[in-house]
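> this one's structure only:
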């Protein structure tokens with residue numbers, strides 16, 4: 001099947017024509033192509049850089065449920081998903097040409113009773129971490145997910161899970177296997193050890209300080225702040241009455257989150273959009289995360305790029321260049337104008353197949 005689309009291709013302001021042949025983009029004219037869209041805006045498929053396909057409220061879910069999650073993401077235009085930890089083996093979904101592409105991180109790695117029950121591979125002894133990272137690197141697609149901090153009930157507050165030397169050995173192991181490492185981190189104390197050990201990305205990062213922002217700049221560490229999930233912090237605090245220090249800490253992190261992420265962005269930390277969909281956050285909310293990034297001071301182009309062309313470059317996936325897979329979105333209105341437009345593309349084109357999700 002041969003089709004063509006014409007519109008303003010973002011990023012940029014030039015009207016462009018693209019042809020699609022056998023599921024791939026051609027920037028050169030193709031005879032006999034049917035026009036399926038013209039007169040609006042075109043951009044690469046959106047990226048949700050923190051999206052748990054295969055994770056439910058209690059951990060593992062069925063493949064049918066995982067497919068439904070992926071379909072929800074597809075329909076709002078999220079065609080590339082970095083799955084930051086899932087207990088469900090979703091690799092068979094790669095055989096489906098109607099679902100987004102998933103970049104997996106294997107399963108979360110944590111300590112016993114130091115993360116949500118049913119989510120993680122739990123290690124009795126932290127010395128097992130390098131071997132566990134090697135195992136999850138085999139399950140993933142170039143990423144591994146650590147739990148960097150969580151409530152320690154013996155102290156009644158957030159605390160790191162791993163010592164610095166074990167983190168360094170584990171992250172070095174992942175890098176030797178060609179995998180990058182990211183970590184869940186809410187508080188302040190776990191950040192120096194993780195960043196100093198060479199971690200590639202921090203998820204959430206609500207406890208960033210000026211010192212750890214500078215350390216991220218020094219090490220080239222990226223940040224995926226998941227701002228829509230941070231909106232759950234007051235509720236988490238309200239449910240933690242048994243641990244008043246922890247509850248107060250979570251409220252304080254919530255209050256400081258937007259200024260801290262804004263400071264990281266202004267300092268030059270690479271920031272990408274991720275919704276943390278899959279348990280407490282519903283799927284299909286990447287447009288809300290883009291809007292939240294605008295609220296920390298990102299320009300509309302930069303915020304959209306953090307969920308699109310810039311995120312694709314960071315993850316090593318192509319955009320709309322000649323020969324790239326035809327994963328793109330078409331809008332009759334400017335998608336930079338807000339979530340009401342961004343999450344309702346007129347056309348979703350995935351591997352060259354045309355979807356009209358809102359008709």
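That came through, no problem. Small disclaimer: the values here were computed from a predicted structure and weren't measured. Numbering: from 1, shown residues only.
> the biggest strand by length in the chain packs against which elements?
Scanning the chain for the longest strand, with DSSP state E as the assignment, gives strand 34-44. Helices and strands touching strand 34-44, by 3 or more CB pairs under 8 Å, 6 or more residues apart in numbering; DSSP states H and E, are strand 2-9, helix 309-315, strand 328-331, strand 347-350. Backbone N, C-alpha and C define where each C-beta goes, glycine included.
> in its sheet, what does the helix or strand following that strand sit against?
Next helix or strand after strand 34-44 toward the C-terminus (DSSP states H and E): strand 46-48. Sheet pairing of strand 46-48 (DSSP bridges) gives strand 78-83 (parallel).
> what does the partner strand rub up against?
For strand 78-83, contacts defined as CB atoms under 8 Å, 6 or more residues apart in numbering pick out 44-54, 70, 73, 90, 100-105, 143, 274, 284, 286, 311-312, 315, 317, 327, 329, 348, 350.
> and what of stretch 13-31?
1-9, 33, 42, 97, 320-326, 328, 349, 351-353.
> what's the answer for stretch 211-221, then?
The list of residues contacting stretch 211-221 from outside it, by CB under 8 Å, 6+ apart, reads 188, 191-192, 195-196, 198-202, 208, 223, 260, 263-264, 267-270.
> for that stretch, buried residues please.
212, 213, 215, 216, 221 (16 or more other CB atoms under 10 Å).
> now swap in stretch 1-13 and tell me
Going by 16+ other CB under 10 Å, stretch 1-13 has these buried residues: 3, 4, 5, 6, 7, 8, 9, 10.
> hmm, back to that, for the record, mean pLDDT for the longest strand of the chain?
Averaged across strand 34-44, the pLDDT comes to 96.
> for that strand, buried residues please.
Buried-residue list, strand 34-44, by 16+ other CB under 10 Å: 37, 40, 41, 42, 43, 44.
> just say helix, strand or coil for the residue lying closest to the last one once chain neighbours are set aside.
With CB to CB, 6 or more residues apart in numbering as the criterion, residue 44 has its nearest non-adjacent residue at 4.3 Å, and that residue is residue 319. Judged by DSSP: H, G, I helix; E, B strand; the rest coil, the three-state class of residue 319 is coil.
> for residue 319, grab phi and psi.
Dihedral pair for residue 319: phi -100, psi -110, per degrees, to the nearest 10.
> now it: how far from residue 30?
Between residue 319 and residue 30 the computed distance is 19 Å (CB to CB, to the nearest Å).
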